[in-house]
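below are the sequence and a predicted model for it; my questions follow.
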Amino acid sequence: MTEIRTVSPRSRPVTPQVRSLQEFAVRSPRSNSDIGLRKPDTRSAEPQINAVSAPESPWPQYQEALELVSDAAQAMQIMEDHSHEIQNKAFDLMQCARSDKLAASEQIAALQERLTASEAKAEGLARQLAEAELRAQTVQEWLSRLMETINTAFAFHGTRQAGHNRTAA
């Protein structure tokens, strides 16, 4: 993951003027919410302002200000680059999720088709089973009738032969 840096890549010493400005900003009694609502306390700030305004020439102050602006611009650029990286990753993840959803939807549709075909086949097999059971029952009835007929015929034939044997003896 990219680390956001707010420090300039070029290293330069902090001048006493910049240090006193930083100390002044830290010690200032004003908060960010009341900027412009009340007047600054100039009595406590005068020694720091005098320390800042006492450099040899005005150019170092401008150069420091420009360097601070440049550092802020670089920090903003780094944050913007990081933001673009995050947006690109989010877009890639969204595309991946969409393709996964599409693949899952296609798989669900295929499984639903297979389920419908399986249900139709099960109904067909149930019909065939019912027909086979009906045929088996019909065959059982025919076999029972045939058995009765055979038993009756043998019984009649057996009694007739027994009656023939008695008359012959």
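It's in.

in which helix or strand would I find A132?
Assigned by DSSP states H and E, A132 belongs to helix 59-168.

any weak-confidence spans in the protein?
1-58, 158, 160-169 (pLDDT under 70).

how far away is E106 from Q112?
11 Å (Cβ to Cβ, to the nearest Å). Heads up, the C-betas are built off the backbone N, CA and C, glycines and all.

likewise I86?
To Q112, I86 is 38 Å away according to Cβ to Cβ.

just A90 next, same as before
In this view, A90 and Q112 are 32 Å apart by Cβ to Cβ.

L134 too?
33 Å.

again, but for Q87
Separation of Q87 from Q112 (Cβ to Cβ): 37 Å.

then W142?
45 Å.

what about A75, how many neighbours?
For A75, the count of nearby residues is 15 (other Cβ atoms under 10 Å).

Q74 now?
When neighbours are counted by other Cβ under 10 Å, Q74 registers 16.

now do the one 3 residues further on
A total of 10 residues lie near Q77 under the criterion other Cβ under 10 Å.

need the contact list for it.
Applying Cβ atoms under 8 Å, 6 or more residues apart in numbering to Q77 gives no contacts.

where's it relative to T159, distance?
Note on Q77: its distance to T159, by Cβ to Cβ, is 120 Å.

same question, I108
I108 is 75 Å from T159, by Cβ to Cβ.

now swap in E119 and tell me
Distance, E119 to T159, using Cβ to Cβ: 60 Å.

same deal with L115?
Computed as Cβ to Cβ, the L115 to T159 distance reads 65 Å.

what do you get for S118?
60 Å.

try I150
From I150 to T159 the distance is 15 Å (Cβ to Cβ).

do the same with W59
Per Cβ to Cβ, W59 is found 146 Å from T159.

over to L143?
Counting by Cβ to Cβ, the gap from L143 to T159 is 24 Å.

before we move on, what about L93?
Distance, L93 to T159, by Cβ to Cβ: 96 Å.

same check on V69?
From V69 over to T159 (counting by Cβ to Cβ), the distance is 131 Å.
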